[in-house]
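K.L.:
What follows is a predicted protein model with its sequence.
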Amino acid sequence: MDAYDEDSGAPRGPDGPTGARRAGALERDGGAVDGAAGERADGQRADGQGDGRRSGGDEAGAGEAAGSASAGPEGASSESADSRAASGGDAASGSGSGEGAVPDPDLVPDLDSAGRPYAPTFPPTAAPSGVAALSPAYRITAAAVLGAVAVVVCVHLAMVFLSLAPANTVSKRHGKAVEAWVYPEFEQNWKLFAPNPLQQNIAVEVRAELATKDGDVRTTGWVDLSAEDGAAIDHNPVPSHTQQNELRRAWDFLVSTHNADSRPVGTRGALSEEYMRRIVVMRLAREADIESQGVVQRVQVRSKTVNVAPPAWSGERISTQPVYRALPWWTVTAADAAGGAR
């Protein structure tokens, strides 16, 4: 048949006289694509897995098959092969993402020997210590004790301050309460500080006239009472207030109430003499050798003052010879011998 003769009535293809052949090819290609799509749909219904990429690949494969039906004779077979390859790759990727995916090792919990996940562990908490470890009752007691101590300390500091401060309205109005709190245990001696620090050692000595048993009168030697107090204080962790201050305060009281001739000034001068006399008589009564020799009739008190030697590196030169100040003889009364008891 000539190429320009009429068609023999065969179905005409879209691109020319070879339409009959291409229609057959189209049926074959379309059947293959539809078969592949049917298998994929059955696979989805069977296992219920896969992702959207598989259905997208099916739709793309069906579109490519339809496009291959309208393409030329040379591109039909190649496009059909490409669509089958693409649909097959999508199916493979879909099945791989559904069942063959490898889990992330960071998301897999650690398991023990029995296959159970380990229980979460937390760092141990430190046990409470100090006041926090006490029961509520003991905490309240400790707080009350600390509060009482703080109040006593504040009151003590206030009293000492008022005793040292210049005269003011508060110290004048509550002077007796301040003195009762401070004296004699908490008295402050500021002679240690400038402008007139004490730079002398002052010792108080006493001697006595005794009436012996045979009627004679005998005078004893000087007894250093300050040295005895110093020996009692040395190496004593808790020396008594009497040993530290009684004799020293009595001598300071006497000196401040007597003139340069050792004569008392006013009633306080006479009181200071009586106070000193009773102290020395009581101290002499503790001396076993004096008590055994006779009865004390009179006593005489003197002070021995020695300047503190300057340090070796100082160029200062002062005398370290003792200077004595002797008071007149005092007659001992019965009240003095009894320690002032009446």
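P.N.:
Sure thing, it's come through.

K.L.:
Let me see the ranges of the strands in the stretch 201-342 of the chain.
P.N.:
Using DSSP state E, counting those that start in this stretch, the strands found in the stretch 201-342 of the chain span residues 217-219, 223-224, 295-307, 323-326, 330-331.

K.L.:
State the pLDDT value of the closest residue in space to Ala203 that isn't next to it in sequence.
P.N.:
Spatial nearest neighbour of Ala203, excluding adjacent residues (Cβ to Cβ, 6 or more residues apart in numbering): Ser226 at 3.9 Å. All C-beta atoms are positioned from the backbone trio N, CA, C, and that covers glycine. Looking at Ser226, its pLDDT stands at 93.

K.L.:
tell me the contacts of Ser226?
P.N.:
For Ser226, the contacting residues are 202-205, 247-248, by Cβ atoms under 8 Å, 6 or more residues apart in numbering.

K.L.:
As CSV, the strands of the stretch 201-342 of the chain with mean neighbour count would be great.
P.N.:
Conversion of those to CSV gives the following (neighbours: other Cβ atoms under 10 Å):
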stretch, mean neighbour count
strand 217-219, 11
strand 223-224, 16
strand 295-307, 17
strand 323-326, 13
strand 330-331, 14
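
K.L.:
and of these, who's closest to Asn259?
P.N.:
Asn259 lies closest to strand 323-326 among these, at 12.2 Å (Cβ to Cβ).

K.L.:
Of all pairs in the contacts of Ser226, which one is the farthest apart?
P.N.:
Every pair of those checked by Cβ to Cβ; the farthest is Glu205 and Arg248, at 13.6 Å.

K.L.:
Give me the more crowded residue out of the two.
P.N.:
Shown here are Glu205 and Arg248; by other Cβ atoms under 10 Å, Glu205 has more neighbours (19 against 14).

K.L.:
so who does Met276 touch?
P.N.:
Going by Cβ under 8 Å, 6+ apart, Met276 touches 250-251, 253-254, 301.

K.L.:
Highest neighbour count among these?
P.N.:
Val301 leads the contacts of Met276 on contacts (other Cβ under 10 Å) with 25 neighbours.

K.L.:
Please report how far that one lies from Trp329.
P.N.:
9 Å (Cβ to Cβ, to the nearest Å).

K.L.:
if we can go back for a sec, what is the most widely separated pair among the contacts of Met276?
P.N.:
Phe253 and Val301 (12.7 Å).

K.L.:
Trp330 contacts Val299, correct?
P.N.:
Yes - applying Cβ atoms under 8 Å as the test, Trp330 and Val299 come out as touching, 5.5 Å apart.

K.L.:
tally of neighbours for Arg283?
P.N.:
19.

K.L.:
my guess is it meets Glu205, correct?
P.N.:
No - applying Cβ under 8 Å, one finds Arg283 not in contact with Glu205, separated by 11.0 Å.

K.L.:
any common contacting residues for those two?
P.N.:
By Cβ under 8 Å, 6+ apart, Arg283 and Glu205 have these common neighbours: 223, 225.

K.L.:
give me the number of residues near Leu247?
P.N.:
21.

K.L.:
Next up, the contacts around it.
P.N.:
204, 225-226, 229, 279.

K.L.:
Return the distance of Arg277 relative to Arg302.
P.N.:
Distance, Arg277 to Arg302, by Cβ to Cβ: 14 Å.

K.L.:
Likewise for Ser226?
P.N.:
Counting by Cβ to Cβ - Ser226 and Arg302 are separated by 11 Å.
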